[in-house]
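Peer 1: below are the sequence and a predicted model for it; my questions follow.
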Amino acid sequence: MNKKKELEIVRHTTMNHLEIFLLEMVLRQPHGHEDLEIGILLEGSVYLFLETELYTLNKGDIYILNRYQIHSFSQTDERNKILAFQLSSDFYRQLNHALAYIQFENTIIHSGLLHNQIHEKLLSCALFYFNQEAYYELRCGSLMLEVLYDILSGTHSRIVSEKESLLAKSNSLRLTRITDYISSHYAENICLQDIADMEGITIYHLSHFIKKMLGISFQEYLNNVRFEHALQLVRHSDFNILDVCLETGFSSSRYLNQMFEKKLGCTVKEYRKRDVKPIVFVPSLPADNVQKRYDIAHAKDMLYSLLNQ
């Protein structure tokens, strides 16, 4: 039952410094990455966990994710479409080395002149990117530099030290190892000591690291992972509750029912009987990777369709 559900990432073009993709986000576990990411929510809504803060993004909102900034996504009760731009620092650090250490502080832009300027340029860039007409690489590069200039001019930012940047990278890589380990072993009787041994640190250090990075404890995060997988089995299989517990690492059916009542307001049995399934009351930090990335042909068609609505 434990297998990765994230679709294979297909690099659309030969551009090494920029990747643009259209996707529908269901769940994305906490992680960070080397590239700067800018995204537009084209349709629906989505929860964005940015470090330990929770934001609700709605149609038209723009988000900015700094290099190595810990973040995750979770679906709301409506489907979404996200247009995401991942830009390598190698592209803009050649113009100004200090830009490799830039940290934007206004990371959600809802409306206003700056929003409209960035929104228009990002959409234009995406259309050039997906159409791949002659010299589109130059046009995309030019537009992304304009977007960066607009963000730098219109928002608060700061230059972090190389030491701070290296620490953020180290923390991001460590957190990814930890969440990947939990995703692979959630059905087993895992504990903090297992991960501490893997990382070569003490339980005390590990416990504080997880709490600092995720805002919740190791056990809370592990319970989130197990609950998400249990919910999928309850929804899409005829497993009885004991089998669901065995498959997902819950120690007892009583504990699983307590999780259902806490998050959904009903027991497993009551949930299965309802024609309209309740949604989670309070979004939990996502603990799995479930998303659909569209290939270039579908992305182009869908983008034109969304823009013509």
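Peer 2: Happy to help now that I have it. Just so it is clear, the structure is predicted and the values come from calculations on it, not from any experiment.

Peer 1: tell me the domain boundaries of this protein?
Peer 2: Per automatic domain parsing, the structural domains of the chain span 18-161+288-307, 164-273.

Peer 1: quick one: the strands in the stretch 201-309 of the chain?
Peer 2: Using DSSP state E, counting those that start in this stretch, the strands found in the stretch 201-309 of the chain span residues 290-293.

Peer 1: got any ranges where it has weak pLDDT?
Peer 2: Counting by pLDDT under 70, the ranges of the stretch 201-309 of the chain that qualify are 278-285, 287-288.

Peer 1: can you map out the helices along it?
Peer 2: Taking DSSP state H, counting those that start in this stretch, the helices of the stretch 201-309 of the chain run over residues 203-214, 218-236, 241-248, 253-264, 268-273, 296-307.

Peer 1: let me have the domains of the chain in TSV, adding mean neighbour count as columns.
Peer 2: Placement of C-beta: from N, CA and C, glycine included. Formatted as TSV, these follow (neighbours: other CB atoms under 10 Å):
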stretch	mean neighbour count
domain 18-161+288-307	17
domain 164-273	16
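
Peer 1: circling back: among the helices of the stretch 201-309 of the chain, which comes closest to residue 39?
Peer 2: The closest of the helices of the stretch 201-309 of the chain to residue 39 is helix 296-307. By CB to CB, the value is 13.5 Å.

Peer 1: please name the nearest non-neighbouring residue to residue 181.
Peer 2: Leaving aside its sequence neighbours, residue 181 sits nearest to residue 195 (CB to CB, 6 or more residues apart in numbering; 6.0 Å).

Peer 1: report the contact partners of residue 275.
Peer 2: For residue 275, no contacting residues are found, by CB atoms under 8 Å, 6 or more residues apart in numbering.

Peer 1: quick one, longest helix in the protein?
Peer 2: Ranked by residue count and defined by DSSP state H, the top helix of the chain is helix 162-185.

Peer 1: before we move on, the earlier item: how about the helices of the stretch 201-309 of the chain in CSV, adding distance to residue 123?
Peer 2: Shown next, in CSV, are the helices of the stretch 201-309 of the chain (distance: least, CB to CB, whole Å):
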stretch, distance to residue 123
helix 203-214, 33
helix 218-236, 33
helix 241-248, 41
helix 253-264, 37
helix 268-273, 41
helix 296-307, 7
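
Peer 1: can you say which of those is nearest to residue 134?
Peer 2: helix 296-307 (16.5 Å).

Peer 1: need the residues that contact that closest one.
Peer 2: Helix 296-307 has contacts (CB under 8 Å, 6+ apart) with 10, 12-13, 21-22, 42-43, 81, 83, 123, 126-127, 130-132, 294.

Peer 1: dig out what the most centrally placed residue in the chain forms beta bridges with.
Peer 2: The chain has residue 72 as the residue nearest its centroid, 3.3 Å off, counting by CA atoms, centre = their mean. For residue 72, the beta-bridge partners are residue 49 (DSSP bridges).

Peer 1: and it, how far from residue 213?
Peer 2: Remark: distance between residue 72 and residue 213 (CB to CB, to the nearest Å) = 11 Å.

Peer 1: mutual contacts of the two, please.
Peer 2: Counting by CB under 8 Å, 6+ apart, the residues touching both residue 72 and residue 213 are residue 30.

Peer 1: low-confidence ranges in the stretch 1-150 of the chain?
Peer 2: Looking at the stretch 1-150 of the chain by pLDDT under 70, you get 1-14.
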